[in-house]
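S.K.: This is the structure alone, sequence omitted:
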């Protein structure tokens, strides 16, 4: 089986808590045996039902049904937080409201007083006991849905659907504090959270946390977790998702084409193509929305802004965002939908402290006002809320993984006249929804599908044809004035603020490299043979000459800025560092 592009949404919620300034460490108390031993999370007990036992499965899922109020709370939080996070992003962004919700729910279970009130209000919950029960029910439903899919495949001699959706929680506890036993029990039984006794001053702790995240996200995320030595408790949540398309895209129909950037630039990316004769779509004020289903009861919705409409206008506030992703039933049409979807893969990192404060959760960040007395007798406040995500989409499907960390320190009948063109060749929004439980897993904005693997292409045209460069982040690419530097057509590429050192790509059909004091080396760049030329006296590699295209790459002051921009050089220039 060929390797598929992984679309991982790692919403890792790190909620780090620290002690208030007036904590006396010697009075923290003792955990006894539990201080040095990890506490395993409660496991969702396997149903053990046969795949054809419809009555048994339906009864089990009904026992773990989540309430309409909880569904509404999750949706309200998704669009409130999604609008706040995505509207601030300048580039591609992928965000998991569900991962953040779970991390905050674990945190809120340990809050009291006004801190509890602010958290529950933001989460749309009336009391934390019911919040824990609803979170537990959804957690179990996801486990049972995956078990049922495997049992049905076995019963009918079919392959297991290529899909997965799972949550995980954990507590990382400093040996300097004692957690309340009831809080620890609630976390283990309702949030299925394991507890780990650690020393945050030990670098190995961050490594262990990263390994736990990687394990829970099927290797899609492998972060390096760094926390202050003053951290006393870290709450981690992960959300892993993979859904194969119900109707996969034909790789033979994937073609390279242009994606138009907001700044007027262009990138060339592979687009997946297909036409659905009976697709569903809705048109709103300045956009069209349609979705593609995955084989694990989820849907990826794409929102294409009309020509002249920026994605920022669609992210302006939660109400607009919700109206876009949840159109009224009467707005949906059924007809032919033509799809042209760019393949993309990118990740995001969010510091959510200011975002959550703007949503009304302020006291938990105040070392004097935060109240987590239901969690520990040690005074704690939140000093960090982070999320990391990664998403990837290809012909096979979509994969997402997310982790959130909170650190405490001190359709109708088809109509032949109705058609939709989902030609996603300009910035667009997208979201992943678990439609069986009506839960929004992820929301994102794609401004450049080239993302992490490709960069903006800038080009000039010479007698021999176009000369193009993929420009890395933090760099400037511009055309040289005609005839400057002795070349007829050229591009200058340099790091921002370092105009004195640059690389030039020039069309130079009659340029000859000769003379003494020159050293040559045959190399291969982007699959093309080329000669690298070194000025022995200067001690630096100055030229790259492509044998089959008469394109010369000339670098000035290479040593002075290559070393300062480690990891940012584009593929074709990276090989200059021999």
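M.R.: Alright, I've got the coordinates. In this text, all values refer to a predicted model and were calculated from it rather than measured experimentally. Numbers count the residues shown, from 1 in each chain.
S.K.: Check whether residue 270 really touches residue 343, as I assumed.
M.R.: Yes: counting by C-beta atoms under 8 Å, residue 270 does reach residue 343; the two are 4.9 Å apart. Heads up, the C-betas are built off the backbone N, CA and C, glycines and all.
S.K.: shared neighbours of those two, anything?
M.R.: residue 254 (C-beta atoms under 8 Å, 6 or more residues apart in numbering).
S.K.: Those two: which is more packed in?
M.R.: Set residue 270 next to residue 343 and count neighbours by other C-beta atoms under 10 Å: residue 343 wins out with 20 against 17.
S.K.: who's in contact with that one?
M.R.: Residue 343 neighbours (C-beta under 8 Å, 6+ apart): 5, 254, 269, 270, 271, 272, 393, 394, 395, 449.
S.K.: Which of these sits closest to residue 299?
M.R.: residue 393 (13.5 Å; C-beta to C-beta).
S.K.: any idea how far residue 245 is from that closest one?
M.R.: In this view, residue 393 and residue 245 are 10 Å apart by C-beta to C-beta, to the nearest Å.
S.K.: And these two? Which one has more around it.
M.R.: residue 393 (27 against 20).
S.K.: now for the longest strand along the chain, which elements pack on it?
M.R.: For the chain, the strand that runs over the most residues, judged by DSSP state E, is strand 266-284. Contact here means 3 or more C-beta pairs under 8 Å, 6 or more residues apart in numbering; DSSP states H and E; on that basis strand 266-284 packs against strand 255-260, strand 287-293, strand 332-342, strand 419-423, strand 456-462.
S.K.: of all those strands, which lies closest to residue 185?
M.R.: Of the helices and strands packed on strand 266-284, the one closest to residue 185 (C-beta to C-beta) turns out to be strand 287-293, at 39.3 Å.
S.K.: now the angle from the closest one to strand 266-284?
M.R.: Using axes from the mean of the first three to the mean of the last three C-alpha atoms, to 10 degrees, the direction of strand 287-293 lies 100 degrees away from that of strand 266-284.
S.K.: got the buried residues for strand 287-293?
M.R.: 287, 288, 289, 290, 291, 292 (16 or more other C-beta atoms under 10 Å).
S.K.: next SSE after that strand?
M.R.: For strand 287-293, the following helix or strand on the C-terminal side (DSSP states H and E) is strand 298-305.
S.K.: Quick check: mean pLDDT of that following strand?
M.R.: Across strand 298-305, the average pLDDT comes to 95.
S.K.: Report the strands that pair with that strand, each with its relative direction.
M.R.: Sheet pairing of strand 298-305 (DSSP bridges) gives strand 287-293 (antiparallel), strand 428-434 (antiparallel).
S.K.: Tell me, how many residues neighbour the closest residue to residue 347 other than its chain neighbours?
M.R.: The shortest distance from residue 347 to any residue other than its chain neighbours is 3.9 Å, reached at residue 390 (C-beta to C-beta, 6 or more residues apart in numbering). Residues near residue 390, counting by other C-beta under 10 Å, number 26.
S.K.: element containing residue 390?
M.R.: strand 380-393.
S.K.: Past that strand, which element shows up next along the chain?
M.R.: Immediately after strand 380-393, counting by DSSP H and E, sits strand 397-408.
S.K.: Show me which residues of that next one are buried.
M.R.: For strand 397-408, by 16+ other C-beta under 10 Å, it's 397, 398, 399, 400, 401, 402, 403, 404, 405, 406, 407, 408.
S.K.: ok, the residue nearest to residue 347 to residue 445 distance?
M.R.: 15 Å.
S.K.: Just list whatever residues bridge to the closest residue in space to residue 292 that isn't next to it in sequence.
M.R.: Leaving aside its chain neighbours, residue 292 sits nearest to residue 300 (5.2 Å; criterion: C-beta to C-beta, 6+ apart). Using DSSP bridges, the bridge partners assigned to residue 300 are residue 292, residue 432.
S.K.: what about residue 300, neighbour count?
M.R.: Residue 300 - counted by other C-beta under 10 Å - has 25 other residues nearby.
S.K.: so what are the domain limits for the protein?
M.R.: Here the domain parsing of the chain from automatic domain parsing is 12-23+50-454, 466-574.
S.K.: can you redo those as a markdown table with distance to residue 44?
M.R.: Below are these laid out as a markdown table (distance: least, C-beta to C-beta, whole Å):
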| stretch | distance to residue 44 |
| --- | --- |
| domain 12-23+50-454 | 4 |
| domain 466-574 | 41 |
